[in-house]
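**Q** Sequence and predicted model, in that order:
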Amino acid sequence: MFGPDVCGGTKRVHVIFNYKGNNHLINKNIVPETDTYSHVYTLIVRPDQTYSVLIDNNEKQSGNLVEDWDFLPPKTIKDPTKSKPSDWVDEAKIPDPEAVKPEGWDDIPEYITDPSASIPEDWDTDLDGDWEAPIIPNPDFQGEWKAPLIPNPAYKGPWIHPEIPNPDYYEDSNIYSYPSHAFLGIEIWQVTAGSIFDNFLVTNDVELAKKEATRVIGRVAAEKAASEAAESAKREAEEAERKRLEEELEDEEEEDAHAGHSHDEL
């Protein structure tokens with residue numbers, strides 16, 4: 001399966017191969033074009049198992065089938081006989097064992113009465129009770145004391161699991177090859193009205209594919225010119241309609257004013 005997928009948050013070019021009954025999606029992201037003009041998507045697969053993805057004859061991605069798809073088992077696997085030693089130290093920093101909590105640290109309260117508060121002038125102790133200053137956060141409060149961190153002298157770095165050759169790995173130099181290219185299936189999930197899909201070409205001639213792509217790309221200039229002309233005509237029509245409505249409104253106001261003046265003379 002090959003082609004653009006632009007739907008909601010999904011914006012990518014799908015390159016999916018079926019290998020031994022399973023579908024495999026390319027593990028690289030290829031961004032499609034998202035405007036309203038014609039574009040040509042080209043997938044080139046070569047016998048040396050390299051590939052290229054072109055959009056409008058510009059290469060957007062290339063590489064190797066074995067590296068950019070998960071067709072084959074990995075060449076190496078984690079050694080099942082190895083595990084991280086129990087005494088492995090992977091903490092890069094530790095609390096300073098020589099640090100001492102400052103004297104009086106825990107004596108500083110988290111909240112205090114507002115020193116700037118004063119009893120309101122209209123406060124009536126008999127009616128309102130004893131006045132108490134409001135509580136506010138203490139600007140001197142520093143929270144729970146923690147020793148500062150220092151580099152751990154016993155730190156050994158991150159433990160990396162040793163790998164060994166994968167006994168299930170094998171090579172396949174024919175991933176690129178399919179029994180037949182005589183058939184073409186089309187899957188379209190359409191969410192944007194007016195889109196057109198045509199000009200599908202399957203060939204073993206790369207230069208022919210590029211030539212045909214160039215022919216289709218040549219339409220874009222005409223599409224843009226037509227689109228700009230349509231937008232210009234739309235703006236002109238809207239402007240003409242706006243002026244017409246303004247003139248009608250002015251004529252109505254003049255008629256109302258004239259009618260009122262005639263009435264005053266009578």
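**A** Done, it's in. Residues are numbered from 1 along each chain as shown.

**Q** Sketch out the low-pLDDT regions of the stretch 101-250 of the chain for me.
**A** Regions of the stretch 101-250 of the chain meeting the criterion pLDDT under 70 are absent.

**Q** Now do the helices in it.
**A** When secondary structure is read from DSSP state H, counting those that start in this stretch, the stretch 101-250 of the chain shows helices at 125-128, 206-217, 219-265.

**Q** got a markdown table for those helices, with mean neighbour count too?
**A** Quick note: C-beta positions are derived from backbone N, CA and C, even for glycine. Output for the helices of the stretch 101-250 of the chain, formatted as a markdown table (neighbours: other Cβ atoms under 10 Å):
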| stretch | mean neighbour count |
| --- | --- |
| helix 125-128 | 8 |
| helix 206-217 | 14 |
| helix 219-265 | 10 |
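
**Q** export those to CSV and tack on distance to residue 43?
**A** Putting those into CSV (distance: least, Cβ to Cβ, whole Å) gives the following:
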stretch, distance to residue 43
helix 125-128, 83
helix 206-217, 10
helix 219-265, 20
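
**Q** To residue 49, which of those lies closest?
**A** Residue 49 sits nearest to helix 206-217 of all the helices of the stretch 101-250 of the chain, at 15.8 Å, using Cβ to Cβ.

**Q** Counting neighbours, what do you get for residue 55?
**A** 20 (other Cβ atoms under 10 Å).

**Q** these two touch, right, residue 146 and residue 94?
**A** No: applying Cβ atoms under 8 Å as the test, residue 146 and residue 94 come out as separate, 11.9 Å apart.

**Q** With neighbour numbers in mind, choose between these two.
**A** Between residue 146 and residue 94, counted using other Cβ under 10 Å, residue 94 has the larger neighbour count: 15 against 10.

**Q** Done for today, thanks.
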